[in-house]
Every structure is written in C-alpha cells, then in structure tokens.
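A.B. asks: Structure here, sequence nowhere to be found:
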C-alpha cells in the first residue's frame with residue numbers, strides 16, 4: 001500500500017528499485033514510483049530523471065540481489081548451466097530486463113556485486129579473471145538472446161500468431177517458384193504439430209563451446 005504523500009527523510013537506490021518492482025516494470029514511471037514511495041515527483045527527480053533510468057536501477061538491483069547457484073565443486077559446465085537457467089528464468093519473468101541488458105544500460109555499480117560472485121566461481125576452476133569475464137559476456141549474450149526468443153514467442157502466441165502458420169501464409173503469397181525451399185519446409189511440417197525448439201538449448205551449446213575453448 002502506498003504511503004501518504006510527503007517526502008521521506010531518506011530514499012535509497014534500493015528503495016526506488018523495490019518500489020519500481022512492486023509497481024511492475026511495465027507500469028514503472030517516475031510518477032507511479034514516487035506515489036509508491038510516498039514522495040513528490042520533484043523529490044524523486046533528485047534521484048532519477050527518466051523511466052529508462054528507473055528501470056535500469058530496478059534491473060541492476062535485482063541482478064545484484066540474485067543468489068547464484070551453490071558451488072558444490074561440480075564440473076564448470078554443470079554450474080554454468082545452472083547459472084544460465086537461473087538468469088534465463090529471471091529474464092523471461094521480467095521482459096524489461098532483456099532490453100536493459102541488450103542496451104547496455106544496467107547500473108554497473110550493482111552489477112559488480114553479481115559479477116564478483118560469478119568470477120569467483122569461474123576463476124576457482126583455473127580461468128584467469130580476463131577469461132572468466134569473457135565467458136560471462138558471451139554467456140550473458142546467449143542467455144539474453146534465448147530469453148528474448150522465448151518472450152517473443154509468448155507474445156506472438158498471446159496475439160494469436162503461430163510462427164509456422166504465418167510462414168506458411170507467406171510462402172503461399174510468394175509462390176513455390178520464388179521460395180521453393182520455404183515451401184518444402186512448411187510442407188514437411190504440415191500436420192506434425194511439432195513443438196518449436198527450446199530457446200535454452202542453444203545456451204547449452206554455447207556453454208559447452210565456451211568451457212572447452214579455454
């Protein structure tokens with residue numbers, strides 16, 4: 001429940017992030033978050049000026065607070081897959097996270113706490129700090145891409161769109177002479193009810209490649 005409007009004695013970045021998450025990132029505006037915090041919009045402007053900054057703070061706060069999978073001396077590939085699944089699930093649950101990561105606007109002050117824990121596990125397996133960070137960057141890109149794919153499919157399905165069905169219509173519109181291979185593809189999928197590939201499957205491929213390339 002929102003508190004009575006009036007500027008609190010002290011508002012921290014964590015307070016702002018938690019208020020934005022409580023409102024919902026899809027509805028998080030400076031006005032809505034100020035109301036949630038019980039302060040004026042001009043008062044919140046002392047801390048954050050735009051919705052984009054607000055969401056970036058919330059995303060960085062969440063990533064900073066995420067508990068990494070327990071390090072049980074399991075093979076690095078196994079730990080990385082646990083970690084990747086953990087982050088993937090968080091991104092799919094909060095689509096705004098993906099856009100912030102891809103745009104490179106996540107607050108690095110909070111992200112550093114998350115990264116420190118990641119680096120400590122990977123360097124304990126014999127990687128240098130530079131190698132561990134390179135692995136982190138590639139893995140983050142793969143996970144964000146997989147999450148974006150999953151979010152896109154979910155949005156398309158909720159809008160009544162089926163990727164293969166839409167492709168079938170497009171192939172029909174172009175004609176078999178113009179796109180013969182696409183025609184062959186959609187014919188092969190007719191009546192099979194095949195499920196689309198799991199976006200996370202490519203993350204596993206990336207993890208295996210990265211861990212083996214040191």
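C.D. replies: Here it is on my side, so go on. Please read these numbers as outputs of a predicted model, since none were measured by experiment. Numbering: from 1, shown residues only.
A.B. asks: Ranking helices and strands of the protein by mean pLDDT, which lands last?
C.D. replies: helix 95-103 (a mean of 70; mean pLDDT, DSSP states H and E).
A.B. asks: on contacts alone, who are the packing partners of the helix or strand residue 166 falls within?
C.D. replies: Element membership for residue 166, per DSSP states H and E: helix 163-174. On a contact count with 3 or more C-beta pairs under 8 Å, 6 or more residues apart in numbering; DSSP states H and E, helix 163-174 meets helix 180-189. All C-beta atoms are positioned from the backbone trio N, CA, C, and that covers glycine.
A.B. asks: Buried residues in the helix it packs on, which are they?
C.D. replies: 182-183, 186 (16 or more other C-beta atoms under 10 Å).
A.B. asks: How about stretch 25-35?
C.D. replies: Residues of stretch 25-35 classed as buried by neighbour count (16+ other C-beta under 10 Å): 25, 28, 30, 32-35.
A.B. asks: And the contacts of that stretch?
C.D. replies: Residues outside stretch 25-35 that contact it (C-beta atoms under 8 Å, 6 or more residues apart in numbering) are 2, 5, 16, 19-21, 23, 40-41, 43-45, 48-51, 54-55, 58-59, 94, 96-97.
A.B. asks: That one spans what distance, first to last residue?
C.D. replies: Using C-alpha to C-alpha, to the nearest Å, one end of stretch 25-35 lies 15 Å from the other.
A.B. asks: Tell me the gap between that stretch and the middle of its chain.
C.D. replies: Mean C-alpha position of stretch 25-35 versus that of the full chain (C-alpha atoms, centre = their mean, to the nearest Å) differs by 20 Å.
A.B. asks: If you average the pLDDT over it, what comes out?
C.D. replies: Taken as a whole, stretch 25-35 has an average pLDDT of 89.
A.B. asks: got it, and stretch 148-157?
C.D. replies: Computed over stretch 148-157, the average pLDDT equals 82.
A.B. asks: Give me the buried positions along that stretch.
C.D. replies: Buried-residue list, stretch 148-157, by 16+ other C-beta under 10 Å: 148-151.
A.B. asks: can you give me how far that stretch is from the chain middle?
C.D. replies: 13 Å.
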